[in-house]
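> I would like the atomic coordinates for the input below:
(one chain, ligands or ions: 1)
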Amino acid sequence: MRNELLQNPVFAMAVEQFDIVADFLNLSADIRERTKWPKRLITVTVPIRRDDGSTQVFFGHRVQHHLTRGPVKGGLRYHPSVDLGEVAALAMWMNWKCALMDLPYGGGKGGIACDPRTMSTGELERLTRRFTMEMIPFINPETDVMAPDMGTNEQTMGWIADTYSTHAGHLVPSIVTGKPIALQGSRGRTQATGYGVAYCSCRTMENLGMTVQGSTAVIQGFGNVGSHAAYTFNRFGVKVTGVSDVNGAIWNAGGLDTAALREHVALTGTVVGFAGAEPIDADELLCQPCDVLAPCALDRAIHGGNAGDLKCRILAEGANGPTTPEADRILDARGDVFVIPDILCNAGGVTVSYFEWVQNLQRFQWEETEVLTKLEGVLHKAMDKVADFAARQGVTTRMAAQAIAIQNVAESKAARGMFP
Ligand code: NAD
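Below is the predicted model:
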């Protein structure tokens, strides 16, 4: 299994990154081995009846990286390219995010290799419910708490909660997060990731002695993360001068009216054609002068070919893995771009997922302002820890964030000792 996992390029990359940080931390061989490998790798077949009456068998995976600090937390992805190695890598990355934010969670991830765009709602519901049944021996609110990811949404979480609750004989809302408010989802969860991106960016501006009011931000992606980052930037007095989506990019040096843009996107499905802006080439958008550049769409958006041309002061990583290692080296050598690494910058989502789980366990719903105030507190604390570690150790913010996270997990493992 060790070699099979390492043959997967995504898992190999996650391990390579881990080894670099483990070397830096001088982790003992014992703790290093135990921290690196996933605790449980679960693969199940998921047969469903298609709408045309035929039967199709899908493969589903769930990886629970470790349960040392609490249940595993992480998304469930529906995408044709899902495989066990990729899911294991994503579970490992979730670990570091949860540990950096000091949430009482390990990292988990799951996925079913399928193309949800070609499946009807009924087929997706049957797939989700059957997968949940196959997972029953391995999940519960103290072991594994799923959430939406690529190709899944709050409806998917509603089906999981219903299937699990039907099996249990009573409602168990804490089995998933990111579910509808009507099923005890959390207020503030929808905007949490984008809110966190804008909050971390504005706090960083203050720390760097910049003025937030009237500063500028450019955002790649106008989905859940990008759009809520844009609205929150506006709320904090930052002008959003450019945004893009998969169809193209728009620009207005005076600042976009993001409320009007929201209506335009609701009507047309894209930012392209918005009356309050000019079109601009999507690649050029990333290199426009701005205070904050927030890639909130794809991995590897900032690479060796454009890192040298960025004209932002802060790179706020809303997406997962938006900066390649080559781009990291270029930015490090330049020294004029402050990077807010992804496991910190986009951790607002998992943090409010944690709040959702806590509210469900308490059977008590918090108001949105309470959720967002608590979120700011958690982000603030993590940002200070990362800045302090980076300054003391003379390392990049990315290395600091990963090192704090891995050290937290290693310390918990050492404190528990090894059974037997
Ligand atoms: P989403 O599907 O809601 O939105 C993605 C956006 O990116 C869309 O606007 C899409 O048009 C745009 N896009 C796609 N290709 C593009 C391209 N080539 N150029 C410009 N824009 C492009 O997804 P999301 O939930 O907003 O997630 C975005 C990123 O943030 C992903 O990397 C995801 O893993 C990460 N993330 C999301 C959350 C969350 O809570 N949603 C939490 C942590 C990290």
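> Name the residue of the stretch 201-350 of the chain that lies nearest to the ligand.
When distances are taken as Cβ to the nearest ligand atom, the stretch 201-350 of the chain reaches nearest to the ligand at Gly223, 1.7 Å away. To be clear about C-beta, it is placed using only N, CA and C from the backbone, and glycine gets the same treatment.
> if I pick that residue, what's in contact with it?
Going by Cβ atoms under 8 Å, 6 or more residues apart in numbering, Gly223 touches 245, 296-297.
> ditto for Ile42
61-64, 135, 138.
> For the contacts of Gly223, which entry has the maximal number of neighbours?
Highest neighbour count within the contacts of Gly223, by other Cβ atoms under 10 Å: Cys296, with 29 neighbours.
> While we're on that one, how confident is the model there?
pLDDT recorded at Cys296 is 97.
> From what I see, it and Gly221 are in contact.
Yes - contact criterion Cβ atoms under 8 Å: Cys296 and Gly221 qualify, at 3.9 Å.
> that's a strand at Ile42, yeah?
Yes - assignment of Ile42 by DSSP: H, G, I helix; E, B strand; the rest coil places it within a strand.
> picking that back up, can I get the contacts of Gly223 in TSV with secondary structure?
Compiled in TSV, these are given as follows (three-state DSSP):
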residue	secondary structure
Asp245	strand
Cys296	coil
Ala297	coil
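> could you give the mean pLDDT of stretch 245-262?
97.
> shared neighbours, Cys296 and Gly221?
With Cβ under 8 Å, 6+ apart as the test, Cys296 and Gly221 both reach 318-319.
> quick one: buried residues of stretch 121-137?
By 16 or more other Cβ atoms under 10 Å, the buried positions in stretch 121-137 come out as 123-132, 134-135.
> Any chance of CSV for those, columns secondary structure, pLDDT and distance to the ligand?
Compiled in CSV, the buried residues of stretch 121-137 are given as follows (DSSP: H, G, I helix; E, B strand; the rest coil; pLDDT from 0 to 100; distance: Cβ to the nearest ligand atom, whole Å):
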residue, secondary structure, pLDDT, distance to the ligand
Glu123, helix, 98, 21
Leu124, helix, 98, 16
Glu125, helix, 98, 21
Arg126, helix, 98, 24
Leu127, helix, 98, 20
Thr128, helix, 98, 18
Arg129, helix, 98, 23
Arg130, helix, 98, 25
Phe131, helix, 98, 21
Thr132, helix, 98, 21
Glu134, helix, 98, 25
Met135, helix, 98, 22
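> residues in the stretch 251-400 of the chain within reach of the ligand, list them.
282, 296-298, 318-320, 346, 349 (Cβ under 6 Å from any ligand atom).
> Would you map the helices across the stretch 151-300 of the chain?
154-168, 189-207, 224-235, 258-268, 282-286 (DSSP state H, counting those that start in this stretch).
> Mean neighbour count added to those helices, as CSV?
Below are those laid out as CSV (neighbours: other Cβ atoms under 10 Å):
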stretch, mean neighbour count
helix 154-168, 19
helix 189-207, 24
helix 224-235, 23
helix 258-268, 15
helix 282-286, 18
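> Looking at those helices, which is nearest to Thr324?
helix 282-286 (13.5 Å; Cβ to Cβ).
> quick one on the thing from earlier: now the helices of the stretch 151-300 of the chain as CSV including distance to Ile20?
Below are the helices of the stretch 151-300 of the chain laid out as CSV (distance: least, Cβ to Cβ, whole Å):
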stretch, distance to Ile20
helix 154-168, 35
helix 189-207, 24
helix 224-235, 27
helix 258-268, 39
helix 282-286, 27
